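S.K.: 3D model of this:
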Amino acid sequence: MFTVIILIFVLGYTAIALEHPLKIDKAATALVTGTLIWVAYMLGASSILPGLPAYQEFSATHPDAGFAGFITHHESLRLLGENAEILFFLLGAMTIVEIVDSYGGFSIISKAIRTHNKVRLLWIISLLTFFMSAVLDNLTTTIVMVMLLRKLMGNRKDRLYFVSMVVLAANAGGAWSPIGDVTTIMLWIGGQVSTFAIIKQLFVPSFICLTVPLLFLSRKFRGKSVDMTGTPSETDHEAPTSARQRTVMLILGASGLLSVPVFKALTHLPPYMGMLLALGALWIATELMLHRKKASAGDKLRVSNLIRKIDTSTILFFLGILTAVAGLQSAGHLAQMGMALDEHIHHVPAITLIIGALSAIVDNVPLVAGAMGMYPVYAPDALAAFTDPEMYEYARNFLQDGTFWESLAYCAGTGGSMLIIGSAAGVAAMGLEKIDFLWYLRRISGLALLGYLSGAAAYFLLRTL
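M.R.: Next up is the predicted model:
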C-alpha cells in the first residue's frame, strides 16, 4: 500500500495538471485524491505503521488504540487542525478582500496607477507585491493584487502574465521576511533563523529572483500599452458608496490585514485567529456604516451577502491538496525522501536546492517541517564535539542563521513558483484567474526556474564572500 499511495498521488496530480483537456474541475480531483490516499493508508496500516517512530511513541502511551486509533484519533485530527488553520486564514483573507472590493476600495489604488505602459505597469505591480508580501504574507498579497489587476486590465491574456508575475513576486517577497511565508514563520519560531539575519542575508537573493524573470518578460511587452478597462465590480456601475466610504474601507481592510502579524507577535496565537478578528471587526464596521444607508443599497453590501461571492471551489481545492500531502506526511513518504537526500547528497547547497525544486510539486510546509525534524540547531559550543575538520565545517551550516537554514528559507519559499500549484500564492491565483497548469508550465516555469537559480547563486556567492 505504501507504493499505491504514491501512485494515487501521481495520478491525481496528473489529473489536476490536465484539468482543461479532461474537463474535470481540479477541486473535485484534489478532493478525491486526498481522500483515496487516506483510504489506502488505513487499508495498509498494518504494513506501514509498525516502522514509523510517531506510531511507536503513540502505541507506548495508547496500547489499546491500534492502527485505526492512531490514524483516526491522532493523525487525522492533528493534520485536520493544521489544514483548518490555513483554510480559515484563506477564507478570512478572501472575505476581507471581497468586502473592500465591493465597497470600491481598490478603485482608489487603480486610479492612482495612471501609466499605460505595460513594462512600467509590470514593474510597479511586481515591486508592490514584493514588498507587500514581506509585511503581510504571500497568500493574502496575491489575493489583493489579483483583485487589483482585474480592475486595471481588460485583456485577460495579458493579465495572466501579470498575475503570474504576482505569484513570483509574492513568493520572492515572502522568503526574506520572517512573517512573509508560512515556512519562514516556522523557521523563525523554531529558532533556526533570527529576524534581522534573514532580512540581511536573503533580501538581495530574493530581489534577484524577482528581477531576472521581470527583465525577460519586459522584452515581451516593450513598446505596448495597457488596456485599462478591467473587470468592473457591481459597485463600479451603481456607485453605491461615497468617496469617503471607499477610503475608509480601504484603510480598514488594509489595517486588518496588516494587523495579523502584529496580533501573532503579541499573542502567540495562530495567524488565522488574527485574520478572523480582523474580519469580525471589519464586518461590524460595515454594519454600522450601513445603518446610514437605504435598505435597498445596504442589503447588497452586507457581508452576509458578499460571502456568497467567495470562490468556494478554490478553498475546496486547497482542502484536497492539503489532505493529500498530509497523508504522505503521516505515512512517512516525506520523511523517507528527506533521509534519502541526507544519505546520498551530503552537500548543503544541493540538498536545499532539491528541496526547493520539490516544493514546486509537494507543499513546502511539510518539506520544511521534515527538514526541521531531521537536522538539529547546533549551539556554537556544541561544535567542539566535531573533531573531524570536514564534519566540523558541515555542522556549522546548522547553527542558528547557518547556511542550511537560510538557504532552506529561500529555496522552499521561492522554488514553488516553478509550478502554478507549487505554492499557496500560485494555488490562489490559479483558482481566482482559472490559470491553466500547462499554460503556466510553458510560459512562466522557465522564467521562474531562471530566477530561482539566479537568486540561489547570489546567496551562496554572498555567503562565501
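S.K.: now do the contacts for residue 182.
M.R.: By CB atoms under 8 Å, 6 or more residues apart in numbering, residue 182 lies in contact with 86, 137, 364-365, 424. No exception for glycine: its C-beta is placed from N, CA and C like everyone else's.
S.K.: list only buried entries from those residues.
M.R.: 86, 137, 364-365, 424 (16 or more other CB atoms under 10 Å).
S.K.: next, count neighbours for residue 10.
M.R.: Around residue 10 there are 12 other residues, counting by other CB atoms under 10 Å.
S.K.: got it, and residue 92?
M.R.: 25.
S.K.: tell me which element the closest residue to it other than its chain neighbours falls in.
M.R.: Nearest residue to residue 92, sequence neighbours excluded (CB to CB, 6 or more residues apart in numbering): residue 275, at 3.7 Å. Assigning secondary structure by DSSP states H and E places residue 275 in helix 271-290.
S.K.: buried sites along that helix?
M.R.: Result for helix 271-290 [16+ other CB under 10 Å]: buried residues 271-279, 282-283, 285-286, 289-290.
S.K.: from those residues, pick the one nearest residue 351.
M.R.: residue 271 (28.3 Å; CB to CB).
S.K.: the closest one reaches residue 262, doesn't it?
M.R.: No. At 10.6 Å, residue 271 does not count as touching residue 262 under the criterion of CB atoms under 8 Å.
S.K.: follow-up on the earlier one: dump the contacts of residue 182 into TSV; add secondary structure, distance to residue 201 and pLDDT as well.
M.R.: Listed next are the contacts of residue 182 as TSV, based on DSSP: H, G, I helix; E, B strand; the rest coil; distance: CB to CB, whole Å; pLDDT from 0 to 100:
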residue	secondary structure	distance to residue 201	pLDDT
86	helix	27	76
137	coil	20	73
364	helix	19	72
365	helix	22	68
424	helix	23	78
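S.K.: want to throw these into a markdown table with distance to residue 436?
M.R.: Formatted as a markdown table, the contacts of residue 182 follow (distance: CB to CB, whole Å):
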| residue | distance to residue 436 |
| --- | --- |
| 86 | 24 |
| 137 | 26 |
| 364 | 22 |
| 365 | 25 |
| 424 | 19 |
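S.K.: pLDDT wise, what is the residue nearest to residue 92 at?
M.R.: Note on residue 275: pLDDT of 86.
S.K.: which residues does it contact?
M.R.: Residue 275 touches 88-89, 92-93, 96, 257, 260, counting by CB under 8 Å, 6+ apart.
S.K.: make it 10 Å
M.R.: The contact partners of residue 275, by CB atoms under 10 Å, 6 or more residues apart in numbering, come to 85, 88-93, 95-96, 137, 140, 256-257, 259-260, 263-264.
S.K.: got a pLDDT number for the nearest residue to residue 399 once chain neighbours are set aside?
M.R.: Counting by CB to CB, 6+ apart, residue 399 lies nearest to residue 378, which is 5.3 Å off, once chain neighbours are set aside. Listed pLDDT for residue 378 reads 82.
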